[in-house]
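> Make a model of this:
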Amino acid sequence: MLAVVILNYNGLEYTTKCLFSLSKQTQKDFLTIVVDNASSQDPSEIPKKYRDIIFLRRDINGGYAGGNNTGINYALEKGCESVVLLNNDTLVAENFVERIQMALDAHRDFGILGPMIYSMKEPDKILTEGVLFNRPEYNGFFEVQNLAVKISEPPNIEKTDIVNGCCLAARKEIFDSIGLIDEQFFIICEESDFCIRAAEHGFKCGIITESLVWHKQGATFTSGYDYDLKSYYNARNLWLLLNKRSGRGSLSKGRFASRLQYLRTIYYMCCTGLENGVENTTIAVIDGVADALSGKFGRISKKRNIVVKFLVQIGFKFIYRVSIILKNFKRQLK
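Okay, here's the model as predicted:
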């Protein structure tokens, strides 16, 4: 049996709409598991309205990683052969479960699958296709892999490096081989680590080249404070991901090149915050780097290594001022 795990965190409006779309599936033989991630909202209306689902409530917010691991563990204990992780701010096609099950059955050489993700606001707009990670020829880390829509019988699959965590289907064998999602990430980059770990153990990742999911996009990080949190986790978890996965295999940048690209990326994130007048974003990025270098992962903590943070701040300010001086010097030469 296939299980669909949906994580709810103060998102009753989104979760109930997602469950309604799941209730209209052409294939009825699947298990729906909703995990409430210690919401401050009362989520009791979910199991009251949808009595055929499994509703699990956590006492502590474990982020994307911890919350989904709760659902995954339950599904595996119940003997499910595959688990689909589905964001609560999504709507799915009526044949969503059917097509994913068909793809899993037809392509046994793929361990992780996910569909193209479309925009809920603009239903014909593709938000996410495949993603290639840390390729030597790409000046960055996450390279969009443009794929053509192709609907076929059985569903067409295109190989990729990373399947978007918005909708990710994984076989039981993968969890047996590599374990669950790494909770050090809490949120952001965790699906990248999971997919790359799976690939290192011989499991291929693929994209189902048809529209099955429509994503609200941005529902997790809505306010300015949330955006700063996103910047923090981006900066911190990218370092963790590179520490764990860079320099492995012929298709990846080496460790030195990866860290150099990381510094460029962090510098760009900090400068963007300053130039847009959003100093809190720059501070959040610096905090993320400081915690990464201090080995502090999981849920964000207010406690920070002051010495490391001070050194990171000094380093950024020095590089920033030098770059300003060089820019002014170039203007004078012109």
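> So in that sheet, which strands flank the longest strand seen in the chain, and in what orientation?
For the chain, the strand with the greatest residue count under DSSP state E is strand 204-215. Strand 204-215 has the following sheet partners, assigned by DSSP bridges: strand 90-92 (antiparallel), strand 110-119 (parallel), strand 157-160 (antiparallel).
> and it, which residues are buried?
Buried residues in strand 204-215, counting neighbours by 16 or more other C-beta atoms under 10 Å, are found at Lys204, Cys205, Gly206, Ile207, Ile208, Thr209, Glu210, Ser211, Leu212, Val213, Trp214, His215. In short, each C-beta sits where N, CA and C put it, glycine included.
> again with stretch 185-205
Of the residues in stretch 185-205, those buried under the neighbour-count criterion (16+ other C-beta under 10 Å) are 185-199, 203-205.
> distance between the ends of it?
20 Å (C-alpha to C-alpha, to the nearest Å).
> now do stretch 162-178
End-to-end for stretch 162-178, by C-alpha to C-alpha: 16 Å.
> List the contacts of Glu190.
Contacts for Glu190 (C-beta atoms under 8 Å, 6 or more residues apart in numbering) come out as Gly63, Tyr64, Ala65, Gly165, Ile181, Asp182, Asn237.
> residue boundaries of the helices in this structure?
12-22, 45-49, 63-77, 96-106, 172-178, 190-200, 224-245, 255-275, 279-294, 306-333 (DSSP state H).
> which one of the ones you listed lies closest to Asp89?
helix 12-22 (4.2 Å; C-beta to C-beta).
> list the helices and strands that closest one packs on?
Packing partners of helix 12-22 (3 or more C-beta pairs under 8 Å, 6 or more residues apart in numbering; DSSP states H and E): strand 2-8, strand 30-36, helix 45-49, strand 90-92, helix 96-106.
> which one of these lies closest to Glu275?
Closest among the helices and strands packed on helix 12-22, once you apply C-beta to C-beta, is strand 90-92, at 33.6 Å.
> buried sites along stretch 118-126?
In stretch 118-126, counting by 16+ other C-beta under 10 Å, buried: Tyr118, Met120.
> can you give me how far it is from the chain middle?
19 Å (C-alpha atoms, centre = their mean, to the nearest Å).
> and what of stretch 289-303?
Relative to its chain's centre, stretch 289-303 lies at 19 Å (C-alpha atoms, centre = their mean).
> Residues contacting it, please?
61-63, 183-186, 229, 232-233, 235-237, 239-240, 266, 304-305, 308-309, 312.
> change it to 6 Å
Gln184, Phe186, Ala235, Arg236, Trp239, Leu240, Ile266, Arg304, Asn305, Val308, Lys309, Val312 (C-beta atoms under 6 Å, 6 or more residues apart in numbering).
> Just the buried subset of the residues you listed, written out for ChimeraX, thanks.
The ChimeraX selection below is limited to those of these classed as buried (16+ other C-beta under 10 Å):
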select :184,186,235,236,239,240,266,308,309,312
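> Redo the contacts of stretch 289-303 as a markdown table? Include distance to Ser252.
Output for the contacts of stretch 289-303, formatted as a markdown table (distance: C-beta to C-beta, whole Å):
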| residue | distance to Ser252 |
| --- | --- |
| Gln184 | 20 |
| Phe186 | 24 |
| Ala235 | 20 |
| Arg236 | 21 |
| Trp239 | 16 |
| Leu240 | 16 |
| Ile266 | 19 |
| Arg304 | 31 |
| Asn305 | 29 |
| Val308 | 27 |
| Lys309 | 30 |
| Val312 | 26 |
